[in-house]
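J.: got a structure for you, letters missing:
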């Protein structure tokens, strides 16, 4: 075998190994992959660098249409990832078949003929116009067929799991929005509860929120593409809901006199952990230092809560505790909001001004 053929053999094996390792880390391994030089990572990160800019350029003033375009990113990225895996496998096996062309009948006249045979083997089409006649080429053609079947079977199961997880995530978001307004906010949760006389039920809400945040953290770190699936409902997002839950838990701990203090404390601990882990993976560096809101914004929120009938603690002491504890997650939360281009939410990302309808 010539030196050039040996080089093609090595390149082909390396390409196949990298593609299959990427499939394993992205689909099979139930934890965040730390190796960033993966085909799938490059695909969705590269696409997301362009997608929001294109959406803003096409629909600079039409937020609903811009949201619709952003919502197409995640499904497109999934298809692109599968397509890239198949293309790399076809080209990798093609390099091996080109190195082993003497064992094929008729022998390929170019690399692209070998890649064609690779594709028919990988996709289990088997036209029979090129046939492997000897041991090594036969073995590689069987490996190509097994790789193709395996990748398609695994990614099909992966898609079902992704959509199932997305639906469970959205079910809580819709239910929480009914309690906390649209878009949801920590202040809105207590306002609605006070007006509907359901403040005693907030302990159960905080407990459900703990389960939702834990599931969110595990699923979105294991399968990062889930983070790019936008809510099918207007003015809500998983980042905004996570921030509203944290703000609500913090208000219950520092500002309000409520019986759900214990559940709120647990919810805050889990939520802060989720923001740190997800923010470190997606957004990297915090956008702001400190609590991310001003004392004036806090006072306006307290005025709204007091007018709705909530029992309040001393406001000056509450602000000191609130500002100190919100600084633990505000920067990374706002960085995630900016990264995912979420709709305006009170105190988060492109913050909407406090008003009675929020």
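T.: Sure, I can see it. Not measured: the values here are computed from a predicted model.
J.: wasn't residue 37 part of a strand?
T.: No: Residue 37 is assigned coil when assessed by DSSP: H, G, I helix; E, B strand; the rest coil, not a strand.
J.: which other residues reach the one helix or strand residue 218 maps to?
T.: Using DSSP states H and E, residue 218 falls within helix 202-222. Residues outside helix 202-222 that contact it (Cβ atoms under 8 Å, 6 or more residues apart in numbering): 29-32, 165, 168-169, 172, 176, 179, 189-190, 193, 226-227, 238, 242, 245, 248-249, 252, 258-260, 262-264, 266-267, 270-271, 273-274, 277-278, 281. Heads up, the C-betas are built off the backbone N, CA and C, glycines and all.
J.: so which of the residues you listed sit within helices?
T.: Judged by DSSP state H, the contacts of helix 202-222 include 165, 168-169, 172, 176, 179, 189-190, 193, 238, 242, 245, 248-249, 252, 262-264, 266-267, 270-271, 273-274, 277-278, 281 as members of helices.
J.: picking up where we left off before, out of the contacts of helix 202-222, which end up buried?
T.: 32, 165, 169, 172, 176, 179, 189-190, 193, 226-227, 238, 242, 245, 248-249, 252, 258, 260, 263-264, 267, 270-271, 274, 277-278, 281 (16 or more other Cβ atoms under 10 Å).
J.: go ahead and confirm residue 78 touches residue 224.
T.: No: between residue 78 and residue 224 there is no contact under Cβ atoms under 8 Å: 11.5 Å.
J.: in the protein, which spans are helices?
T.: Counting by DSSP H, the helices of the chain are 3-23, 39-58, 63-71, 73-99, 111-122, 135-180, 186-195, 202-222, 238-254, 261-282, 295-307, 315-326, 330-340.
J.: now these as JSON lines including mean pLDDT and distance to residue 347?
T.: JSON lines is the format used below for the helices of the chain (pLDDT from 0 to 100; distance: least, Cβ to Cβ, whole Å):
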{"stretch": "helix 3-23", "mean pLDDT": "92", "distance to residue 347": "38"}
{"stretch": "helix 39-58", "mean pLDDT": "89", "distance to residue 347": "22"}
{"stretch": "helix 63-71", "mean pLDDT": "90", "distance to residue 347": "19"}
{"stretch": "helix 73-99", "mean pLDDT": "93", "distance to residue 347": "26"}
{"stretch": "helix 111-122", "mean pLDDT": "94", "distance to residue 347": "51"}
{"stretch": "helix 135-180", "mean pLDDT": "92", "distance to residue 347": "13"}
{"stretch": "helix 186-195", "mean pLDDT": "93", "distance to residue 347": "8"}
{"stretch": "helix 202-222", "mean pLDDT": "94", "distance to residue 347": "17"}
{"stretch": "helix 238-254", "mean pLDDT": "96", "distance to residue 347": "6"}
{"stretch": "helix 261-282", "mean pLDDT": "93", "distance to residue 347": "14"}
{"stretch": "helix 295-307", "mean pLDDT": "94", "distance to residue 347": "7"}
{"stretch": "helix 315-326", "mean pLDDT": "95", "distance to residue 347": "9"}
{"stretch": "helix 330-340", "mean pLDDT": "91", "distance to residue 347": "8"}
